[in-house]
Structure formats: C-alpha cells, structure tokens
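fold the following.
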Amino acid sequence: MEAEYDFSQGKRGAIEPIPSGKTRLTIHLDDDILEWFREQVNLAGGGNYQTLINEALRQHIQKSRQPLEEILRT
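A predicted model of the protein is given here:
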C-alpha cells in the first residue's frame, strides 16, 4: 500500500462509460413489477432485467403509434 494516493486526475461517476444512445436513469418501480421482470430473466436462463424492461417499453411505444384499429386486431 502507498503512504499517499494522488487523486488529482480522478474522475467522479461510473467506472464504465455509458454506451452511446443510452441514458443512466434512476426510477422507482413497484416491487411486484421489478420482481416479475427479474423472474422472467431467471426463467429464460439468464440475461438482464433492465434490457427486458427497455424492450417492453419499446414494444408498448410501437403499439401505441399504431392506429387503434390495428391494436385491437392483434
């Protein structure tokens, strides 16, 4: 161990940079909602529940952009 450490070049924040096109976000979800997504990932044999939430939101947005008649036919 060093007697002193120089943090003058240190940077605050996450060690891993956020990929382009992504935004770090803090959100409060109901426990049962989060548990459902985690359970789905577990049943699938692994993965990332955050990716699953993102995909569910994306699908909802895409369906919401469809005319009402198309949504009701599916």
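
I'd like the average pLDDT over the helix or strand harbouring Glu69.
According to DSSP states H and E, Glu69 maps onto helix 68-73. Averaged across helix 68-73, pLDDT comes to 73.

can you tell me the SS state at His60?
helix (DSSP: H, G, I helix; E, B strand; the rest coil).

can you count the residues close to it?
10 (other CB atoms under 10 Å). For the C-beta atoms, the positions are set from N, CA and C on the backbone; glycine is no exception.

quick check: the gap between it and Ile53.
Using CB to CB, to the nearest Å, His60 is found at 11 Å from Ile53.

what's the answer for Glu16, then?
Where Ile53 is concerned, Glu16 sits at a distance of 19 Å (CB to CB).

which one of the two is surrounded by more residues?
Ile53 (19 against 6).

return the residues in contact with that one.
Phe37 (CB atoms under 8 Å, 6 or more residues apart in numbering).

could you look up the SS state of it?
Criterion first, three-state DSSP; result for Ile53: helix.

can you tell me how far it sits from Asp30?
Distance from Ile53 to Asp30, by CB to CB: 12 Å.

just the helices in the protein please.
For the chain, applying DSSP state H gives helices covering 31-43, 49-64, 68-73.

for those helices, which one sits closest to Tyr5?
Closest to Tyr5 of these, according to CB to CB: helix 49-64, at 33.0 Å.

can you point out the buried residues in the closest one?
By 16 or more other CB atoms under 10 Å, the buried positions in helix 49-64 come out as Tyr49, Leu52, Ile53.

check stretch 29-41 too.
Phe37, Val41.

model confidence over it, on average?
For stretch 29-41, the mean per-residue pLDDT is 98.

can I get it in PDB? Just the C-alpha atoms.
The C-alpha coordinates for stretch 29-41 follow below in PDB (Å, rounded to 0.1, in the frame of the first residue of the first chain):
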ATOM      1  CA  LEU A  29     -40.800   0.700  -9.800                       C
ATOM      2  CA  ASP A  30     -43.300  -1.300  -7.700                       C
ATOM      3  CA  ASP A  31     -41.700  -4.300  -6.100                       C
ATOM      4  CA  ASP A  32     -44.000  -6.700  -7.900                       C
ATOM      5  CA  ILE A  33     -43.300  -5.200 -11.300                       C
ATOM      6  CA  LEU A  34     -39.500  -5.500 -10.800                       C
ATOM      7  CA  GLU A  35     -39.800  -9.000  -9.400                       C
ATOM      8  CA  TRP A  36     -41.800 -10.100 -12.500                       C
ATOM      9  CA  PHE A  37     -39.100  -8.900 -14.800                       C
ATOM     10  CA  ARG A  38     -36.300 -10.500 -12.700                       C
ATOM     11  CA  GLU A  39     -38.300 -13.700 -12.700                       C
ATOM     12  CA  GLN A  40     -38.700 -13.700 -16.500                       C
ATOM     13  CA  VAL A  41     -35.000 -13.300 -16.900                       C
END
